[in-house]
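> I need the structure of the sequence given here:
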Amino acid sequence: MKRLILSLLVSVLLAACGQNKDSSTAVVLDSTGKAVSAVDAPVIKFEEELYDFGVINEGESVKYEFKFKNVGKTPLIISNATATCGCTVPEYPTTPIKPGDEGKIKVIFNSQGKVGIQDKVVSIISNANPYLATLHVVGEVKAKK
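Residues are numbered from 1 along each chain as shown. Modelled structure (predicted):
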């Protein structure tokens, strides 16, 4: 798995270095590690990229599932999902998502010690074009009384 992630990142970096302004010439990897053009690449399309949980009390947890679809032409592989802090934990599918299929990224935000307006960012790295997607979990946490 580490090799796949490393080769994906190297390919993306190499493609970015030689990429001109025409994004159709970008190179991405399919689920087998084979280079494909941006036209044939997987594309991740989220139903929504921001979830507003409103106002909660400190110590409460918020859970939300971001639904997405692979609207590209080759299988989508999510290689990593990270959050801006340890209070936010993303869970993502580890198997390839076929073209036309749907998936979910579950995000859990623990508000313990987080008072005030919150905007937690989850970064999704995949073999899609573009390779980086971001999701936001926002809201307000009221202090314990």
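
> mind saving the C-alpha coords of stretch 49-60 as CSV?
Coordinates of each C-alpha in stretch 49-60 appear next as CSV, following Å, rounded to 0.1, in the frame of the first residue of the first chain:
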residue,chain,number,x,y,z
GLU,A,49,-18.4,19.5,0.6
LEU,A,50,-19.5,21.4,3.7
TYR,A,51,-21.5,20.2,6.7
ASP,A,52,-22.8,22.8,9.2
PHE,A,53,-23.6,21.0,12.5
GLY,A,54,-25.0,24.2,14.0
VAL,A,55,-24.5,24.8,17.8
ILE,A,56,-23.5,22.0,20.2
ASN,A,57,-22.3,21.9,23.7
GLU,A,58,-18.6,21.2,24.5
GLY,A,59,-17.9,17.5,24.8
GLU,A,60,-20.5,16.4,22.3
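
> show me what that stretch is in contact with.
Outside stretch 49-60, the residues that touch it by C-beta atoms under 8 Å, 6 or more residues apart in numbering are 62, 64, 66, 107, 109, 111-115, 133-144. Quick note: C-beta positions are derived from backbone N, CA and C, even for glycine.

> mind checking which of those residues are buried?
Buried positions within these, assessed by neighbour count (16 or more other C-beta atoms under 10 Å), are 62, 64, 66, 107, 109, 111, 114, 133, 135-137, 139, 141.

> out of these, give me the two with the largest separation.
Checked with C-beta to C-beta, the buried ones among the contacts of stretch 49-60 reach their widest spread between 133 and 141, with 25.2 Å between them.

> just the element for the residue nearest the centre of the chain, please.
Closest residue to the average C-alpha location of the chain: residue 124 at 2.2 Å, with C-alpha atoms, centre = their mean. Residue 124 belongs to strand 116-126 when elements are defined using DSSP states H and E.
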